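S.K.: Provided below for reference: sequence and predicted model.
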Amino acid sequence: MYSLPKVHYLCQTHLQWDVMRMVPYGTIKIKLSEQIEEKGISKNKLSQRAEMQRTQLNNYCNNKISRLDIDVLGRLCTVSQVRICV
């Protein structure tokens, strides 16, 4: 019997509401630290392969980024072999 391959997701979206205007808007929750732990990759190795500073990687791991850089996100997905799920 054919089984689907296990898929790893880097991001998870959540719907939130603006209380004053009742307008829905989305947020992006990056689950990079879970992927790093699951795959057994060190942050140092990942930051080198993705060509980014360790502090920047820590900000992505802790969801403390103020602006999402699609280029950095793409490098992280490529290096850690995960894909984005919206």
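M.R.: Ah, there it is.
S.K.: for Ile28, which three-state class applies?
M.R.: What DSSP: H, G, I helix; E, B strand; the rest coil gives for Ile28 is strand.
S.K.: heads up, I number from 36, so please use that
M.R.: OK, 36 is where the count begins now, so the last one is Ile63.
S.K.: roughly how far does it sit from Leu92?
M.R.: 17 Å (Cβ to Cβ, to the nearest Å). Yep, even glycine has a C-beta here, placed from its N, CA and C like the rest.
S.K.: more neighbours, these two?
M.R.: Leu92 (21 against 15; other Cβ atoms under 10 Å).
S.K.: contacts only, for the more buried one.
M.R.: Leu92 makes contact with 67, 78, 81-82, 85 under the criterion Cβ atoms under 8 Å, 6 or more residues apart in numbering.
S.K.: distance of Gln91 from Gly61?
M.R.: 23 Å.
S.K.: the two - which one has more neighbours?
M.R.: Neighbour totals were compared for Gln91 and Gly61, and Gln91 leads with 14 against 9 (other Cβ under 10 Å).
S.K.: isn't that one right next to Arg110, touching?
M.R.: No: applying Cβ atoms under 8 Å as the test, Gln91 and Arg110 come out as separate, 10.9 Å apart.
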